[in-house]
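Enquirer: next input, structure requested:
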Amino acid sequence: MIVPFKTPVDYFTQALDGKPENINRFYQIQKDDPQWLTYDNDLHIYPYVHAVPSMLSMGCNNKCKFCPTAKLHKGKVHFGDPEIIIPNYKNMNIHFMDENFFRNDMDVVLPLLRKYKIKWLAMSTYKETMKVIETYSEEYLYKCGLRCVEMGLENVDLMMKVDEAPYSFDEIAPYYLNMTFLPGETKETILNNAKWMRERMRSLEHPIHFNNGVWWAPGQFYYPYGRKHKDGIMLDGKYARTQPTYIPNSFLDQDMEIVDLEDVNYHSQLTYDFKLYPEKDEYNIREFISGDVKRAMWVVVGLRVEGIE
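Expert: Numbers count the residues shown, from 1 in each chain. The predicted structure is shown next:
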């Protein structure tokens, strides 16, 4: 399975050679091997189209079953030294790869980021983000360079990790990561996820890419990481997580009707750069997809924009 991006696990196992002490050496590793400047090189929103990846910690306390970090680190977190790491990136934009950035010592980290005039993206949980905002204020975080926060929404019906009435951001962009084709997925759960993200502009307003963070896009697709599921089918999607590799029977056994082909194709083109022109309007979903990864992606986009019912 080819993954077209690097996960935090890849940073730890490949760039850091699985050694926590190399967190402090990552800047030198990037100089010696410039490929580690080419991944995660934006902050997801305009005008922050140029950035470099870095990290202050690796690992996560959470143990989500679908997450490779949980499988590798088993709830442990390894910390680097921000006073060594941060000065290397003076006047730069940083996409931090820490799974839960706000578990670092913010009393030390935030003044350093402000001092060195760094603009940055953080990944964290919704609860940790709210704690940091309550402690320091969104205004201060913005002054310290925070521009975007990635937070796992996942699926509002099957695995919701964000409050039903979430915090309303003023300056910092929330980037709600959502997931499609979790076990138990249906047309209704897909639509509910899209509606939640669309209401009151809950996510990126000016994204520079579309796979996550906008209401019409399916986000990442559930990837079983070697687990065998008997309640669905496995597809040969070339790219893990950005294309479906597992689709549950709960979704496949439903019927669908194409009610606005033009709108479905508009958003499919916008998100995935392709259109489809089916021969009829009504199908059983299993029959329509028939093992085709692109058809599965097209249907999900169509359901999210309500061009398919």
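
Enquirer: quick check: closest non-adjacent residue to E282.
Expert: Distance criterion CB to CB, 6 or more residues apart in numbering; nearest residue to E282, sequence neighbours excluded, is E257 at 5.0 Å. For every residue, glycine as well, the C-beta is placed using N, CA and C.

Enquirer: how about H209?
Expert: Closest residue to H209 apart from its sequence neighbours, by CB to CB, 6+ apart: H44 at 7.1 Å.

Enquirer: A strand includes E257, no?
Expert: Yes - under DSSP: H, G, I helix; E, B strand; the rest coil, E257 sits within a strand.

Enquirer: circling back to that earlier point, I figured the residue nearest to E282 was touching K280, is that so?
Expert: No - counting by CB atoms under 8 Å, E257 stays clear of K280, with 9.8 Å between them.

Enquirer: for F221, what are its contacts?
Expert: F221 is in contact with 179-181, 237, 241-246, counting by CB atoms under 8 Å, 6 or more residues apart in numbering.

Enquirer: how much space between the nearest residue to it once chain neighbours are set aside and K76?
Expert: Spatial nearest neighbour of F221, excluding adjacent residues (CB to CB, 6+ apart): P244 at 4.3 Å. Distance of P244 to K76, given as CB to CB, to the nearest Å: 31 Å.

Enquirer: these two: which has the busier surroundings?
Expert: Neighbour count, other CB atoms under 10 Å: between P244 and K76, P244 has more, with 26 against 11.

Enquirer: quick one, phi/psi of the more buried one?
Expert: Main-chain dihedrals, P244, degrees, to the nearest 10: phi -70, psi 140.

Enquirer: ok, now which ones touch it?
Expert: 180-181, 221, 235, 237, 293, 296-297.

Enquirer: can you tell me which of the residues you listed are in strands?
Expert: Assigned to strands by DSSP state E, the following of these qualify: 180, 221.

Enquirer: for the contacts of P244, which one is nearest E262?
Expert: For those, the residue nearest E262 by CB to CB is M297; the value is 17.8 Å.

Enquirer: and for that closest one, the neighbour number?
Expert: 24.

Enquirer: pLDDT score assigned to the residue nearest to L146 when sequence neighbours are not counted?
Expert: Closest residue to L146 apart from its sequence neighbours, by CB to CB, 6+ apart: I172 at 5.5 Å. With respect to pLDDT, I172 has a value of 97.
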